[in-house]
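Trainee: dropping the sequence and predicted coords here.
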Amino acid sequence: MVPVPQPVQPERSAGSVSISGDDTLAGVLSWSLPAVQVDDPAVARKAAQRALAQGDLFETGASAIPILIALQRQHPGDEGDAKLLDRAQAALIGQAKAALDAADEDLAALRFAQRHATVLRTLWPEAARVQAYLQAVDAAEQARERSLAGMRALVAGQLDTPGGALDAFHEAIRLRPGQMRAHLGIGAVESALIRSAEAAAMQGDFAAAGVELGRAQRVRQHPQTIAAAAARIEVMRAERVRRLRDEGLIALGEPDGLRVARERLADMLLIARAGDPASVELRQRIDLVGHYGLFRPGQVFTDGLDDGTRGPGLVVVPHGAFHMGAPDDEADASKDEQPRHLVRLERGFAMTRHEITVGEFGRFVEASGYEGRATERGHSLAYDVRSGNFVRGSGIDWRSGYDGRPAAADMPVIHVTARDAEAYAAWLSEQAGAHYRLPSEAEFEYALRAGSTTRFPWGSGAPPEGVENLTGGLDVSPQGRRWSNAFPGYGDGWWGPAPAGSFAANAFRLHDMAGNVSEWVADCWHQGYRRAPATGAAWINPGCRNRMYRGGSWASAPTQVRSAWRASGGTDATNARVGFRLVRQL
């Protein structure tokens, strides 16, 4: 049975207690048992039953509990009254618990629950179920206060710092696991951190975005929310990386574009994932432009000319490094080809795929009125078919073939000087709006070797079938002559030059580098490579009287087909064995 409450005397102390703040709360937390005068127990008992049925339990003298306590005191031991009081206590606790269930979100419900707690604490402070309820009410009040503190910290931006919003919400949930405001507050902290991460990403600070997202992930370990946020940030990262790539690519076509593109690449590398395709693409394009302008290695192209025609076919030679000259142990090497030294070509260049032809040179002469040196002086050195020797012949110039007869338009132009070649390059540059020139000696050997390091471009032994127009032991002149110094067992079907580009291209897609005709280069004659440029630039002395030519020809002995072989001729020298090709700056 529920014990009859006895009046509780407050403890006296030397100090004083004052209640400040909400007067309503002071009223909630103070209650005293209303006085009840019982004149007729039966009438009082019925009144108590009616009040109990109506849920009117404690507020007035007409409420169930005050009446029942008065009956108990007047008639101690009455089992019926005791049972009614027991029911009233249970009803009071039931009301209190119902209010407490709604107290997390409803302040009025919390106050209702606290009011009931005040009544229970006044009447039955020692009862076990009362004590349990009182603890629950206290926990609800503390949880509410911690949730409110968390909300204030949330507004102040104190999210997951010690003593901040997250700590307050966790404490609220520890006190009252079902505290909805605290659970929502934790979600709000997570959302705030995610927004912070996304704001950082919008500013391009993906390192900070990652830090903020990591903080958010530790809030409540909600995989779907964090994964979705991370995906949104990755979309922003990808969009920013693509935008930087596009800006860099566009800049590459502008003046000072390399600098701008490199700045964009640096920005990309700060935010892009390792191996990001967009940053890889821009890096590659920057490398290409740095080495090749707007071209790419191996690209074949022609320039349009002002007269509506096209210039000679070109191929982009890749940049790189090689050892120029002959090693000490190479057979037939001369001191003029040494010392072997490293040359590094930092920038690629375009080279005409084959020697300049009679037709191409003739277009220049017709358009410009240029008169070549052989035309001017009226003779050149040609092959005499009767004697098998090279002799000076009158009326021979760039229009002539190796034997002095008129040459077809597709044959390599010969009987030209290095200055004639430079005049053609100057005209072509003006027509194309690009810079054409003779290759340097280093560029020629680099292009001839095409990555090889052996005695000949194809290796160290006999030439493969059809590799170049060379002096072969199987070659026979129209008069039945054979070479006295040739590659044994080799025949290419030509005595004299072949049409330009008739033989297979090398690894750089260039034809006739080691055969057909030798070719003028830009360098002056120097005996050996002491102090030679290591950059691939032409080695020129102003006013030099002897110019270099490189590469074997249709009439060269095997030792003159070696990759390192070099020779010189006077500035006015023309003959049936030397032509030229050009380089175009990129």
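Mentor: Thanks, I have the structure now.
Trainee: which residues of this protein fall in strands?
Mentor: For the chain, strands defined by DSSP state E occupy the ranges 300-301, 314-317, 320-324, 341-345, 349-352, 379-384, 389-394, 436-437, 518-524, 546-550, 566-570, 578-579, 583-584.
Trainee: remind me what the fourth one packs against, helices and strands.
Mentor: Using 3 or more C-beta pairs under 8 Å, 6 or more residues apart in numbering; DSSP states H and E as the contact criterion, the neighbours of strand 341-345 among helices and strands are strand 320-324, helix 441-449. For glycine as for every other residue, the C-beta is placed from the backbone atoms N, C-alpha and C.
Trainee: which other residues reach the longest one?
Mentor: Residues outside helix 441-449 that contact it (C-beta atoms under 8 Å, 6 or more residues apart in numbering): 317, 320, 322, 324, 343, 345, 349, 351, 439, 457, 506, 508, 510, 513-514, 519, 521-523, 532-533, 536-539, 548, 550-551, 563-564, 566, 583.
Trainee: and stretch 573-586, what's buried?
Mentor: Within stretch 573-586, the residues scored as buried using 16 or more other C-beta atoms under 10 Å are 573-584, 586.
Trainee: and the helices in the stretch 51-200 of the chain, which stretches?
Mentor: Using DSSP state H, counting those that start in this stretch, the helices of the stretch 51-200 of the chain run over 64-74, 79-101, 107-123, 128-155, 165-175, 180-202.
Trainee: can you redo these as TSV with mean neighbour count, mean pLDDT and distance to Glu281?
Mentor: Formatted as TSV, these follow (neighbours: other C-beta atoms under 10 Å; pLDDT from 0 to 100; distance: least, C-beta to C-beta, whole Å):
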stretch	mean neighbour count	mean pLDDT	distance to Glu281
helix 64-74	23	92	83
helix 79-101	18	90	61
helix 107-123	20	89	61
helix 128-155	18	91	44
helix 165-175	22	94	43
helix 180-202	20	94	22
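Trainee: now distance to Leu305 too, for these, in a markdown table please.
Mentor: Listed next are the helices of the stretch 51-200 of the chain as a markdown table, based on distance: least, C-beta to C-beta, whole Å:
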| stretch | distance to Leu305 |
| --- | --- |
| helix 64-74 | 113 |
| helix 79-101 | 92 |
| helix 107-123 | 89 |
| helix 128-155 | 73 |
| helix 165-175 | 74 |
| helix 180-202 | 51 |
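Trainee: out of the contacts of helix 441-449, which are buried?
Mentor: 317, 322, 324, 343, 345, 349, 351, 439, 457, 506, 508, 510, 513-514, 519, 521-523, 532-533, 536-539, 548, 550-551, 563-564, 566, 583.
Trainee: ok, Trp565 touching Gly552?
Mentor: Yes. The pair formed by Trp565 and Gly552 meets the contact definition of C-beta atoms under 8 Å, at 7.1 Å.
Trainee: if we can go back for a sec, please identify which of the helices and strands packed on strand 341-345 is closest to Arg181.
Mentor: Arg181 sits nearest to strand 320-324 of all these, at 69.8 Å, using C-beta to C-beta.
Trainee: quick one on the thing from earlier: and the helices of the stretch 51-200 of the chain: which comes nearest Ala26?
Mentor: Smallest distance to Ala26 across those (C-beta to C-beta): 10.8 Å, for helix 107-123.
Trainee: who does the closest one touch, helix- and strand-wise?
Mentor: Under the contact criterion of 3+ C-beta pairs under 8 Å, 6+ apart, helix 107-123 touches helix 23-28, helix 64-74, helix 79-101, helix 128-155.
Trainee: quick one: contacts of that helix?
Mentor: 5, 8, 24-25, 28-33, 57-58, 65, 69, 89, 92-93, 95-97, 99-104, 127, 130, 133-134, 137, 140-141, 144.
Trainee: how about 7 Å then?
Mentor: The contact list for helix 107-123 (C-beta atoms under 7 Å, 6 or more residues apart in numbering) reads 5, 8, 28-31, 58, 92, 95-96, 99-100, 102-103, 130, 133-134, 137, 140-141, 144.
Trainee: how far off centre is that helix?
Mentor: Put simply, helix 107-123 sits 64 Å off its chain's centre (C-alpha atoms, centre = their mean, to the nearest Å).
Trainee: between that helix and helix 79-101, how many degrees?
Mentor: Between helix 107-123 and helix 79-101, the angle comes out at 150 degrees (axes from the mean of the first three to the mean of the last three C-alpha atoms, to 10 degrees).
Trainee: one step back: so which of the strands of the chain comes closest to Gln284?
Mentor: Gln284 sits nearest to strand 314-317 of all these, at 14.8 Å, using C-beta to C-beta.
Trainee: tell me which residues of that closest one are tucked away?
Mentor: Buried positions in strand 314-317, judged by neighbour count with 16+ other C-beta under 10 Å: 314-317.
Trainee: and stretch 496-516, by the same measure?
Mentor: Across stretch 496-516, burial judged by 16+ other C-beta under 10 Å covers 496-503, 506, 508-516.
Trainee: okay if I get the helices and strands packed on helix 107-123 as a markdown table plus distance to Ala172?
Mentor: Shown next, in a markdown table, are the helices and strands packed on helix 107-123 (distance: least, C-beta to C-beta, whole Å):
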| stretch | distance to Ala172 |
| --- | --- |
| helix 23-28 | 19 |
| helix 64-74 | 33 |
| helix 79-101 | 15 |
| helix 128-155 | 4 |
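Trainee: to Ser429, which of those helices lies closest?
Mentor: When the helices and strands packed on helix 107-123 are compared by C-beta to C-beta, helix 128-155 sits nearest Ser429, at 71.2 Å.
Trainee: from Tyr133, how far out is Arg87?
Mentor: Arg87 is 17 Å from Tyr133, where distance means C-beta to C-beta, to the nearest Å.
Trainee: if you could redo that for Val476, that was the one I meant.
Mentor: In this view, Val476 and Tyr133 are 122 Å apart by C-beta to C-beta.
Trainee: and Glu465, by the same measure?
Mentor: 106 Å.
Trainee: how about Leu282?
Mentor: For Leu282, the distance to Tyr133 equals 69 Å [C-beta to C-beta].
Trainee: equivalent analysis for Gln203, please.
Mentor: Using C-beta to C-beta, Gln203 is found at 53 Å from Tyr133.
Trainee: so Thr417 sits against Asp572, correct?
Mentor: Yes. Using C-beta atoms under 7 Å, Thr417 is in contact with Asp572, at 5.9 Å.
Trainee: so what sits against both of these two?
Mentor: Joint contacts of Thr417 and Asp572 (C-beta under 7 Å, 6+ apart) are Arg373.
Trainee: please say which of the two ends up with more neighbours.
Mentor: Per other C-beta atoms under 10 Å, whichever of Thr417 and Asp572 has more neighbours is Thr417, with 23 against 13.
Trainee: for the more buried one, list the residues it contacts.
Mentor: Contacts of Thr417 (C-beta under 7 Å, 6+ apart): 373, 571-574.
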